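Q: Got a predicted structure plus its sequence, pasted below:
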Amino acid sequence: MKQLSCPATGVIEVVEVPSPTIGAGEVLVRMNVCGICGTDLMKVYTPDVAKPVQLGHEVVGVVEAVGDGVTQVAPGQRVAFAHHVPDFSSHYTRRGSAPMDPHFKRTNIDPGGFAELIRVPALHVEHTLQLLPDDMPDMRAVFMEPLACCLRALDRVSLLEGDAALIVGVGAVGLLFAPLLADRSVTTFAVDVRQERLNLAVQWGAVRSFLASDADCATALRKQTGGRGVDLVLLTVLTRATLDLAMAAVRDGGVILLFGAKPETILPLNGWEVWRRELNIVSSYSATPDLLPRALAILRRPGYTLENTISHVLPLSKGAQAFRIAHEGLASKVVITRG
C-alpha cells in the first residue's frame with residue numbers, strides 16, 4: 001500500500017509499505033481523508049525533530065476489517081479516530097493532565113494517517129473510534145480531532161459570557177476557535193499575517209480582525225474593551241512578536257494561552273510584568289478521548305460546516321505538494337485524500 005514518509009527534514013515521499021495486519025480488538029480502516037495539522041508541519045520542517053517521523057492523525061475512513069471481539073463497528077461503516085490514549089488511572093490523567101501521561105505519548109495508530117490502510121489498536125478502538133452519522137460528510141468529520149484540541153484549550157481557562165478574546169494566528173486550527181468562542185458569547189478578535197485568513201475568521205465569528213503588521217492593534221483592542229484589554233489571548237503561533245502583542249493586549253489578571261510552539265522556541269518573559277499584573281500563562285497540548293464525542297456533537301450542528309474552510313484537497317500521490325502548500329502558508333486548510 002501507499003504511505004507518506006518523511007525520511008529527512010523538509011522531504012515528503014510516497015512509499016510502498018506492507019499493509020498492516022490486525023489482531024483481537026483491533027480495526028483496519030481504509031483512509032478516505034486526512035488533514036494536515038500544524039504538528040505534522042512542525043515534524044517535517046523542524047531539524048530538531050528526529051527523522052523518519054510518523055505523520056497524520058486527523059483521519060476519516062471506512063472500516064475494512066475488524067478483529068475478534070470488536071462489536072461496536074462493522075466493515076463498511078465510516079469512522080473517525082484519534083491517535084493517543086492515556087492510562088486513565090495514572091496520576092497525570094487523574095489530575096487533568098492526560099496528554100502528559102507517558103502512555104499517552106507512546107500510543108499511536110499504525111502506520112499514521114497518511115496511508116491507504118491504518119491499523120487502529122484495541123485501546124484506540126475502545127476509547128477514540130467514533131462511528132460517523134450518515135449525514136456528516138468526510139470533509140467535516142476530519143475536523144473532529146483538531147476541534148477536540150480547541151475544546152480542551154477552552155476548558156483550561158475561565159471564560160464568562162461578555163468576555164473578550166484575541167486569537168493570534170487563524171490558520172487551520174486557530175480558525176476553529178472563532179465559532180467556539182462566539183457560541184459562548186465571547187467577543188472575539190483575530191490577528192494574522194494573511195488577509196484571506198482574517199476574512200474567514202470574521203465569517204466564523206470574529207467581530208474585528210487585524211493584520212499582524214498593524215502597530216495599533218493592541219491600542220484598538222483596549223478601546224474595544226473599555227480600556228481593559230482582552231480577557232484571553234490564544235497564541236496559536238508563539239514568537240517574540242506574538243508574545244509581545246499578547247502582553248500588550250491582555251487585561252490585568254487575564255490569561256495568555258499557549259496553543260502552538262516549535263521545539264526551538266525560547267523567549268524572554270518579563271517576570272515583573274507577569275507578577276505585577278497578575279497574568280496567567282496557561283498551555284494546552286493535544287486532546288483527550290472524552291472530547292471526541294463533544295467535538296462530533298458540535299460538528300452535527302447546521303452552523304458548523306467547517307468543510308467550507310478547506311482550501312486545498314490533494315490525493316496521497318501529491319503529498320509533497322500538499323505539505324509544501326501548507327508549509328508556505330498558502331492555504332487555510334489542506335486535506336489529503338486516498339486517491
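A: Ah, there it is. Numbers count the residues shown, from 1 in each chain.

Q: Is Asp231 in a helix, a strand, or coil?
A: Three-state call for Asp231 (DSSP: H, G, I helix; E, B strand; the rest coil): strand.

Q: Got the phi and psi for the closest residue in space to it that isn't next to it in sequence?
A: Closest residue in space to Asp231, ignoring its immediate chain neighbours: Asp163 at 4.2 Å, by C-beta to C-beta, 6 or more residues apart in numbering. The way it works is simple: take the backbone N, C-alpha and C, and place the C-beta from them, glycine included. Dihedral angles of Asp163 (phi, psi; degrees, to the nearest 10) stand at phi -70, psi 170.

Q: same deal with Gly76?
A: phi 100, psi -10.

Q: so it makes contact with Val66?
A: No. Counting by C-beta atoms under 8 Å, Gly76 stays clear of Val66, with 10.6 Å between them.

Q: what about the residue nearest in space to the middle of the chain, helix or strand, and which?
A: Geometric centre of the chain, nearest residue: Pro146, 3.3 Å, by C-alpha atoms, centre = their mean. Here Pro146 sits within helix 144-155, counting by DSSP states H and E.

Q: Same question for that helix: list its buried residues.
A: Of all the residues in helix 144-155, those buried under the rule 16 or more other C-beta atoms under 10 Å are 144-154.

Q: and Val207, how many neighbours does it have?
A: 14 (other C-beta atoms under 10 Å).

Q: In contact with it, which residues?
A: By C-beta atoms under 8 Å, 6 or more residues apart in numbering, the contact set of Val207 is 187-189.

Q: Next: Arg156.
A: 257, 282, 284.

Q: just to revisit the earlier point, so for Gly76 and Val66, which residue has more residues nearby?
A: Val66 (22 against 8).

Q: Return the set of residues that bridge with the residue lying closest to that one once chain neighbours are set aside.
A: In space, and not counting its chain neighbours, Val66 is closest to Val27: 5.3 Å by C-beta to C-beta, 6+ apart. Under DSSP bridges, the beta-bridge partners of Val27 are Val66, Val120.

Q: Using CSV, write down the CA coordinates of the host helix or strand of His124.
A: Using DSSP H and E, His124 sits in helix 122-127. This file holds the C-alpha atoms of helix 122-127, laid out as CSV (Å, rounded to 0.1, in the frame of the first residue of the first chain):
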residue,chain,number,x,y,z
ALA,A,122,-7.5,-2.1,20.6
LEU,A,123,-7.2,0.8,23.1
HIS,A,124,-8.0,3.3,20.4
VAL,A,125,-11.0,1.2,19.2
GLU,A,126,-12.3,1.2,22.8
HIS,A,127,-11.6,4.9,23.6
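
Q: can you give me the strands in the stretch 1-150 of the chain?
A: 2-5, 13-16, 27-35, 58-66, 78-81, 117-120, 130-131 (DSSP state E, counting those that start in this stretch).

Q: what's the most buried one of those?
A: strand 117-120 (a mean of 25; mean count of other C-beta atoms under 10 Å).

Q: For that strand, what is the distance to the chain centroid?
A: 21 Å (C-alpha atoms, centre = their mean, to the nearest Å).

Q: Check stretch 262-281 too.
A: That offset, for stretch 262-281, works out to 24 Å (C-alpha atoms, centre = their mean).

Q: can you pull out the helices in this protein?
A: In the chain, helices defined by DSSP state H lie at 38-45, 91-94, 102-106, 122-127, 138-141, 144-155, 177-183, 195-203, 217-224, 240-249, 271-276, 291-299, 319-327, listed in chain order.

Q: Please produce JSON lines containing these, extended by distance to Val11 and mean pLDDT.
A: Output for those, formatted as JSON lines (distance: least, C-beta to C-beta, whole Å; pLDDT from 0 to 100):
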{"stretch": "helix 38-45", "distance to Val11": "8", "mean pLDDT": "96"}
{"stretch": "helix 91-94", "distance to Val11": "34", "mean pLDDT": "98"}
{"stretch": "helix 102-106", "distance to Val11": "24", "mean pLDDT": "96"}
{"stretch": "helix 122-127", "distance to Val11": "28", "mean pLDDT": "98"}
{"stretch": "helix 138-141", "distance to Val11": "27", "mean pLDDT": "98"}
{"stretch": "helix 144-155", "distance to Val11": "25", "mean pLDDT": "98"}
{"stretch": "helix 177-183", "distance to Val11": "32", "mean pLDDT": "98"}
{"stretch": "helix 195-203", "distance to Val11": "27", "mean pLDDT": "96"}
{"stretch": "helix 217-224", "distance to Val11": "37", "mean pLDDT": "96"}
{"stretch": "helix 240-249", "distance to Val11": "28", "mean pLDDT": "97"}
{"stretch": "helix 271-276", "distance to Val11": "40", "mean pLDDT": "98"}
{"stretch": "helix 291-299", "distance to Val11": "32", "mean pLDDT": "98"}
{"stretch": "helix 319-327", "distance to Val11": "8", "mean pLDDT": "97"}
